[in-house]
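Peer 1: need a structure here:
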Amino acid sequence: MKQVVQLSRNIVDIPTEILCQTFADRILVLVTQVGKVGNLIQASIPHTAQLIPTTNAEETTAEVLPETEKLLPTPPPSIKLTPLMGSAPSEHMHTLHSLYASQVATLVWLSAESRGGMRKPIIVGIALRKGGISDEALERKTFMGVMQMIKEILFEGEQ
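Peer 2: Prediction:
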């Protein structure tokens, strides 16, 4: 991954921007639909913890799913999430932000390992547009769209 990479796209008709910036001691990933940094969460993991990429069996199952619904690697249970600044407006959003931070960090660590790099702490900034009533299908489409953008940024040039 380059030092700084930015990608913009509409996800479920909402402009969404992702910025990844590599520092000497950690990596910053910002996901915003409102033009702000948002809630900052640091994800870290012991160097001895094993990361498990999507397996062949999961990839076979994923072949029948639409591209945006393909499986993602499972975040390891040893991930430690530390809130740095801001907070989610509700318990539901707190859980959603934790899911985003865990999944983004797992993708970044797998990308780093595939290039022979070190596992650095990942700081994830999350600022999602507030919706009215919680819509699980809409949240899932947004989540999968963001993860697809992250994968494009991280694995660019590997295909």
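Peer 1: what's the least confident helix or strand in this structure, going by average pLDDT?
Peer 2: Within the chain, no helix or strand scores below helix 56-62, which has a mean of 47 by mean pLDDT, DSSP states H and E.
Peer 1: after that helix, next one along is what?
Peer 2: Next along the chain after helix 56-62, taking DSSP states H and E as the criterion, comes strand 80-85.
Peer 1: And the average pLDDT for that following strand is what?
Peer 2: Here strand 80-85 scores 96 as its mean pLDDT.
Peer 1: and the residue nearest to the spatial centre of the chain, what pLDDT?
Peer 2: Geometric centre of the chain, nearest residue: Val104, 2.3 Å, by CA atoms, centre = their mean. The model reports Val104 with a pLDDT of 97.
Peer 1: Against Ala24, how distant is it?
Peer 2: Counting by CB to CB, to the nearest Å, the separation of Val104 from Ala24 is 20 Å. Backbone N, C-alpha and C define where each C-beta goes, glycine included.
Peer 1: do Ala43 as well
Peer 2: From Ala43 to Ala24 the distance is 18 Å (CB to CB).
Peer 1: what about the two, which has more around it?
Peer 2: Higher neighbour count among Ala43 and Ala24: Ala43, with 26 against 5, using other CB atoms under 10 Å.
Peer 1: With adjacent residues omitted, what lies nearest to Ser98?
Peer 2: Closest residue to Ser98 apart from its sequence neighbours, by CB to CB, 6 or more residues apart in numbering: Leu81 at 5.7 Å.
Peer 1: Lys141 now?
Peer 2: Lys141 sits nearest to Val12 (CB to CB, 6+ apart), 5.2 Å away.
Peer 1: Tell me which residues touch the one you found, please.
Peer 2: Leu138, Lys141, Thr142, Gly145 (CB atoms under 8 Å, 6 or more residues apart in numbering).
Peer 1: And the last one, which helix or strand is it part of?
Peer 2: For Gly145, the element it lies in under DSSP H and E is helix 136-154.
Peer 1: Grab the longest helix from this protein for me.
Peer 2: helix 91-114 (DSSP state H).
Peer 1: so after that helix, what's the next helix or strand?
Peer 2: Downstream of helix 91-114 (by DSSP H and E), the next one is strand 122-127.
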